[in-house]
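Participant: Fold the following for me, if possible:
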Amino acid sequence: MNKETPISTASLKIVSIFLLILSAGLAIWASITYVRMNTYRSALQNTWLRAADLASDNLANLSSDLVKGMYAGTSPQLSMISSKMWKESAAAKSALSTLPVTDTTLENTNKFLSQAGDYAIYLSQKSANGEPITDEERQNFASLREYADRLSAQMDQIATALSDGSLTIEQLNAAEQQADADADAVPAAVESTSQLKQVEDSFTGYPTLIYDGPFSDHLLERTPRMTEGQPELTVDQARQKLSTVTTVDLPEMREENSTLPSYVFHDGANNSVAITKNGGYLCYLVTDKSGLTGGDLSYDEAVQKAQAYLEKNGYTSMKDTYYETSDGVMTLNFAYYHPDTQTVCYTDLIKVEVSLSDGAIVGLDARGYLVNHTDRTFEAPALTVEQARQSVSSVLTVESTRLALIPTSGQNEVLTYEFLCSSSTGDKVLCYVDTQTGAEEQLLILLQTPNGMLTK
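Facilitator: A predicted model of the protein is given here:
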């Protein structure tokens with residue numbers, strides 16, 4: 001009869017230690033794998049979020065270009081808009097290709113974007129040949145715009161859901177699998193599998209005040225005109241100027257060596273005032289707005305408060321143009337108004353923020369004005385208003401006209417007639433026509449929102 005060989009205590013200890021080490025190793029490996037998977041998952045979700053954001057923005061920009069194309073009155077302007085349309089449609093297709101959806105799911109979307117790009121090339125070629133756009137082609141713009149708006153809203157909804165976590169990678173993949181059976185059910189599939197929350201219908205193309213928009217791209221890139229050649233102030237002289245700007249105690253000072261070298265007085269927190277070293281002009285004012293609440297100050301009252309503050313600080317003959325209200329603050333855009341020629345100079349801009357609760361000035365940015373303002377002598381228009389109006393699209397009705405100085409992409413300036421127009425569909429359009437040549441220099445869509453008057 002065989003006797004069982006006893007296992008020694010030492011052997012048991014070795015086996016136990018080995019199992020413990022193996023268990024610890026497996027736990028560490030599992031932890032590392034889990035962390036790596038989460039990192040990869042987060043990176044993938046962020047990639048999809050960026051793609052959805054980009055696609056939404058490209059589609060919103062395409063929609064804006066389509067609106068402008070409807071109202072372009074000259075071939076050069078139409079050619080420029082067509083080039084932008086082609087660029088935006090191609091960028092949207094590239095962004096959408098990053099999302100985890102099949103070619104079948106995106107068949108109609110890609111077809112639409114391809115058609116929009118091809119249509120843009122066709123119009124550009126037609127414009128180059130000097131051929132006018134037909135009524136049918138303008139109607140095509142309207143149809144394409146409607147679809148671009150719908151796609152942009154859908155992509156904005158997906159981007160929002162990815163951002164706030166209400167839509168995950170697993171849900172998006174599940175939505176795609178469900179949509180495989182019915183390509184037309186993509187929005188419903190996304191909604192049913194991720195329970196996307198309803199988001200406010202926002203304008204995803206980021207409409208802005210003119211000082212942040214197309215008239216500001218080159219405003220701060222030249223040598224400042226107002227401060228050039230002006231004597232340099234001492235710190236004490238700048239502090240004297242500060243006393244006329246604000247009553248807030250700003251004990252600290254630093255120097256800012258930017259395009260507009262300034263003495264910046266601050267409290268080490270959220271309040272600061274910049275006085276230019278040369279000339280001693282108020283450059284900007286920043287205050288802590290965390291305690292502000294809503295108020296009932298009217299637009300006219302806010303304008304009066306802002307203009308009085310501007311005049312007190314040496315900024316006279318400023319004309320209010322566009323505005324926006326948010327969190328109890330009205331942001332007003334002022335442009336210099338040339339009194340002799342009654343010209344609005346969109347090159348010389350100052351932004352003023354007014355508290356709607358008490359009318360206090362809580363912010364100011366005069367950099368656009370300081371960089372661009374100078375004494376100007378305008379050449380008399382070679383074209384009458386009636387002659388310049390021939391460059392405005394026939395589908396637009398001109399409501400008012402005034403002279404406006406606008407910057408060009410080459411950091412120059414051009415005197416234009418600003419035509420405020422309306423269309424049969426209710427759109428408001430600003431058309432800028434060169435007073436010398438009749439060239440259609442710029443088209444802007446005017447947006448009246450509950451929070452202000454904006455342009456795009």
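Participant: so who does the closest residue in space to Asn451 that isn't next to it in sequence touch?
Facilitator: When the adjacent residues along the chain are set aside, Asn451 lies closest to Thr325, with 4.7 Å between them (C-beta to C-beta, 6 or more residues apart in numbering). Bear in mind the C-beta positions are built from the backbone N, C-alpha and C, glycine included. Thr325 makes contact with 331, 356, 451-452, according to C-beta atoms under 8 Å, 6 or more residues apart in numbering.
Participant: Just the buried ones from these?
Facilitator: 331, 356, 452 (16 or more other C-beta atoms under 10 Å).
Participant: what about the helices in the stretch 251-400 of the chain?
Facilitator: When secondary structure is read from DSSP state H, counting those that start in this stretch, the stretch 251-400 of the chain shows helices at 299-312, 367-372, 385-388.
Participant: Reformat the buried ones among the contacts of Thr325 as CSV; add distance to Ala24.
Facilitator: What follows is those, written out as CSV (distance: C-beta to C-beta, whole Å):
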residue, distance to Ala24
Thr331, 60
Leu356, 63
Gly452, 62
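Participant: Skip the chain neighbours and tell me the closest residue to Lys312.
Facilitator: Taking C-beta to C-beta, 6+ apart, and ignoring the residues beside it in sequence, Lys312 has Thr244 as its nearest neighbour in space, at 7.1 Å.
Participant: just checking, that neighbour touches Glu311?
Facilitator: No. Counting by C-beta atoms under 8 Å, Thr244 does not reach Glu311; the two are 12.0 Å apart.
Participant: Give me the distance between Ala388 and Ala269.
Facilitator: Applying C-beta to C-beta, to the nearest Å, one obtains 51 Å for the distance of Ala388 from Ala269.
Participant: now Thr234
Facilitator: Thr234 sits at a distance of 26 Å from Ala269 (criterion: C-beta to C-beta).
Participant: Those two: who's more crowded?
Facilitator: For Thr234 and Ala269, the more surrounded residue by other C-beta atoms under 10 Å is Thr234, and the numbers stand at 11 against 8.
Participant: Let me see the mean pLDDT of whichever helix or strand Ser83 is part of.
Facilitator: Here Ser83, judged by DSSP states H and E, is contained in helix 75-96. In this model, helix 75-96 has a mean pLDDT of 82.
Participant: What are the contacting residues of it?
Facilitator: Outside of helix 75-96, the residues that reach it under the criterion C-beta under 8 Å, 6+ apart are 51-52, 54-55, 58-59, 61-62, 65-66, 68-69, 72, 106, 109-110, 113-114, 116-117, 119-121, 123-124, 127-128, 130, 132-133, 155, 439-440, 443.
Participant: Show the contacting residues for the residue nearest to Ala92 when sequence neighbours are not counted.
Facilitator: The shortest distance from Ala92 to any residue that is not its chain neighbour, by C-beta to C-beta, 6+ apart, is 3.8 Å, and that residue is Asn58. Contact partners of Asn58, counting by C-beta under 8 Å, 6+ apart, are 88-89, 91-92, 95.
Participant: mind listing what's buried in the helix or strand where Ala116 lies?
Facilitator: According to DSSP H and E, Ala116 maps onto helix 107-128. Neighbour counts over helix 107-128 (16+ other C-beta under 10 Å) mark 109, 112-113, 116-117, 119-120, 123-124, 126-127 as buried.
Participant: Distance to Val371 and pLDDT for those residues - can I get that in JSON lines?
Facilitator: Supplementary listing: those in JSON lines, determined by distance: C-beta to C-beta, whole Å; pLDDT from 0 to 100:
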{"residue": "Thr109", "distance to Val371": "43", "pLDDT": "73"}
{"residue": "Phe112", "distance to Val371": "42", "pLDDT": "72"}
{"residue": "Leu113", "distance to Val371": "39", "pLDDT": "77"}
{"residue": "Ala116", "distance to Val371": "38", "pLDDT": "76"}
{"residue": "Gly117", "distance to Val371": "38", "pLDDT": "74"}
{"residue": "Tyr119", "distance to Val371": "39", "pLDDT": "73"}
{"residue": "Ala120", "distance to Val371": "35", "pLDDT": "74"}
{"residue": "Leu123", "distance to Val371": "36", "pLDDT": "74"}
{"residue": "Ser124", "distance to Val371": "34", "pLDDT": "72"}
{"residue": "Lys126", "distance to Val371": "40", "pLDDT": "70"}
{"residue": "Ser127", "distance to Val371": "34", "pLDDT": "72"}
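Participant: Format the residues you listed as JSON lines; extra columns: distance to Ala24.
Facilitator: Conversion of the buried residues of helix 107-128 to JSON lines gives the following (distance: C-beta to C-beta, whole Å):
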{"residue": "Thr109", "distance to Ala24": "51"}
{"residue": "Phe112", "distance to Ala24": "56"}
{"residue": "Leu113", "distance to Ala24": "54"}
{"residue": "Ala116", "distance to Ala24": "59"}
{"residue": "Gly117", "distance to Ala24": "58"}
{"residue": "Tyr119", "distance to Ala24": "64"}
{"residue": "Ala120", "distance to Ala24": "62"}
{"residue": "Leu123", "distance to Ala24": "68"}
{"residue": "Ser124", "distance to Ala24": "67"}
{"residue": "Lys126", "distance to Ala24": "73"}
{"residue": "Ser127", "distance to Ala24": "72"}
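Participant: And the furthest pair within these?
Facilitator: For those, with distances taken as C-beta to C-beta, the pair at the greatest spread is Thr109 and Ser127 (26.9 Å).
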